[in-house]
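K.L.:
Sequence and predicted structure are below.
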Amino acid sequence: MFKKLFQNCNPFKSLLSRKIILWIFGSIVVIEIIILIPSVQKREKELLIQLQQSISGKISWLFMTTPEISEPEFLDQLKTLQINSNLGTILGASLYQENGQLINSYGENPQLSFFDFNKQKLLIKKYPKKRRYDLVFSQEVLSNNHILVIRCDGNLIQEELWYYKGRIIFLVLIISLFVTGVMMIVLNIIVITPILQLRDDLIKAPDVLRQVDQKNIFHSNYIKRNDELGEVMIAFQEMFTRVYETESILKIEQDKSEQLLLNILPPTIATQLKEKQGCLAQSFSEVSILFADLVGFTKLSQSISPQELIELLNQIFSTFDQLCDQYNVEKIKTIGDAYMVASGIPIPREDHALAIAQLALEMQQKIREFNLTKNTSLSIRIGINSGEAIAGVIGKKKFIYDLWGDAVNTASRMESSGIAGTIQVSSATYHKLKDHYLFEDRGMIYIKGKGQMTTYLLLEKKNH
């Protein structure tokens, strides 16, 4: 439980939180140092005053007990004078007359002279390098017209100051760590965690946008704040909602465009065309091509309106389109009332001839049904050939997936030289279908551009 709480409240997982915490900790330390310096100076002054008061008391006591003491005797007594051992010891002294004349001195001579005192009115002078203090005692303390300058050892006072500094620094660190720790927790709860959650939402947003049919659930949806960060989260939610709606509309439009492209081109060719601009062509060694032409359509167009004519043609060709999907063959194009189909492209298949033959028979049947329904007398002339062809897309505008090659031309001639209401196939297609379908041999006929060719009429599928 505590481990999970620490993980959730760990502010160091964020670069921003680390910077803020370091700034807070550093600021507190700097403030405490600024407070520490005058505090140490004040403490040193207090210790020196205590030292001065201790010596003043001893000197006053000395004059009270021996009021007629001479100057040499006073200095001798001063050598043996015992002051507060916690503050320091007397290392030397100099005694001056009121006019500044040195009477006598002993021990370590003070550097603070009578003239320094008289000119600058210094009562205490510190010598940090030697850890010494010089104290001045005037006539008020000595009860005569003399001035005394005493040199004291400052080691004990300096040690006391170091202990004092150590205690202050320790308290500063404790306070700084405590305040920083509290700030870490508060900062993590009210700022860092929401920011990290908002960051995670931003990272997750693109994935959610791709899932148009699913709800967008973010951490920021469950956080209610009445501050600037709350306004940022609301702005993010509103922005995402607008982007989400726009993306949904774009996805629908993209699907429409994709479907429109797939209605024009085979899926594999459409994918290649999107990835590679320019000419796309592929050779196929075995394909079957069908050409179909509506017979009687021109005569029908003279008896009905153009709108009715187009509606009838659309019904017929839409039915043929469904048959192409049923037999998994590729519709190539329509030219007027002619319909072109290929089998074995863009994905090769071994039964390409069988599929195209069955499609042709179904197309005949659909025309018969159409005549009964619409009370028309249309018929269909179909030609089929099998062989090698090249398929692809050329040009830069109004793309169309088309076929080229001698096999395509021959299939077109099979249709144009055929008989209305029949399916004429070439010798190449016949040999692929003869074991599965019944044929009528037309013999040798003249084919424009090809000469004499043996052709066959596809009748029906064999009953095995």
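P.N.:
Received it, and whenever you're ready, just let me know what you need.
K.L.:
Do I have it right that residue 69 meets residue 75?
P.N.:
No. With contact defined as C-beta atoms under 8 Å, residue 69 does not count as touching residue 75 (10.0 Å). C-beta: built from backbone N, CA, C; applies to glycine.
K.L.:
More neighbours: those two, which one.
P.N.:
The neighbour comparison of residue 69 against residue 75 (other C-beta atoms under 10 Å) goes to residue 75, with 19 against 15.
K.L.:
quick one: what helix or strand has the more buried one in it?
P.N.:
Following DSSP states H and E, one finds residue 75 within helix 71-79.
K.L.:
Report the buried residues of that helix.
P.N.:
74, 75, 78 (16 or more other C-beta atoms under 10 Å).
K.L.:
Equivalent analysis for stretch 27-35, please.
P.N.:
Neighbour counts over stretch 27-35 (16+ other C-beta under 10 Å) mark 28, 29, 32 as buried.
K.L.:
got the buried residues of helix 71-79 as CSV, with pLDDT and distance to residue 183 columns?
P.N.:
Putting these into CSV (pLDDT from 0 to 100; distance: C-beta to C-beta, whole Å) gives the following:
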residue, pLDDT, distance to residue 183
74, 78, 62
75, 76, 62
78, 75, 57
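K.L.:
And the helices in the stretch 301-450 of the chain?
P.N.:
In the stretch 301-450 of the chain, the helices defined using DSSP state H, counting those that start in this stretch lie at 306-327, 352-374, 406-416, 427-433.
K.L.:
Identify the bridge partners of residue 94.
P.N.:
The partner list for residue 94 in beta bridges (DSSP bridges) reads residue 105, residue 149.
K.L.:
Closest one to residue 258 out of the buried residues of stretch 27-35, please.
P.N.:
residue 28 (61.9 Å; C-beta to C-beta).
K.L.:
That closest one: which element?
P.N.:
Element membership for residue 28, per DSSP H and E: helix 15-65.
K.L.:
on contacts alone, who are the packing partners of that helix?
P.N.:
Judged by 3 or more C-beta pairs under 8 Å, 6 or more residues apart in numbering; DSSP states H and E, helix 15-65 is in contact with helix 71-79, strand 132-137, helix 139-142, strand 147-153, helix 155-187.
K.L.:
Can you mark which positions in the last one are buried?
P.N.:
Looking back up the chat, that one is helix 155-187. So, applying 16+ other C-beta under 10 Å, buried residues of helix 155-187: 156-158, 160-161, 164, 168, 172, 176, 180, 183-184, 187.
K.L.:
Next, the angle strand 132-137 makes with it.
P.N.:
With axes from the mean of the first three to the mean of the last three C-alpha atoms, to 10 degrees defining the directions, helix 155-187 sits at 110 degrees from strand 132-137.
K.L.:
How about residue 444: what's its closest non-neighbour residue?
P.N.:
Distances taken as C-beta to C-beta, 6 or more residues apart in numbering place residue 452 nearest to residue 444, at 4.9 Å, with adjacent residues excluded.
K.L.:
Am I right that that neighbour is in a strand?
P.N.:
Yes. Assigned with DSSP: H, G, I helix; E, B strand; the rest coil, residue 452 falls within a strand.
K.L.:
Just the angle for the helix holding residue 75 relative to strand 147-153, thanks.
P.N.:
Between helix 71-79 and strand 147-153, the angle comes out at 20 degrees (the same axes, to 10 degrees).
K.L.:
Can you tell me what sits against helix 71-79?
P.N.:
59, 62, 66, 69, 90, 93, 95, 103-107, 146, 150 (C-beta atoms under 8 Å, 6 or more residues apart in numbering).
K.L.:
cool, and stretch 446-464?
P.N.:
Applying C-beta under 8 Å, 6+ apart, the contact partners of stretch 446-464 are 357-358, 360-361, 384, 409-410, 413-414, 416-417, 419, 422-427, 430, 433, 435-445.
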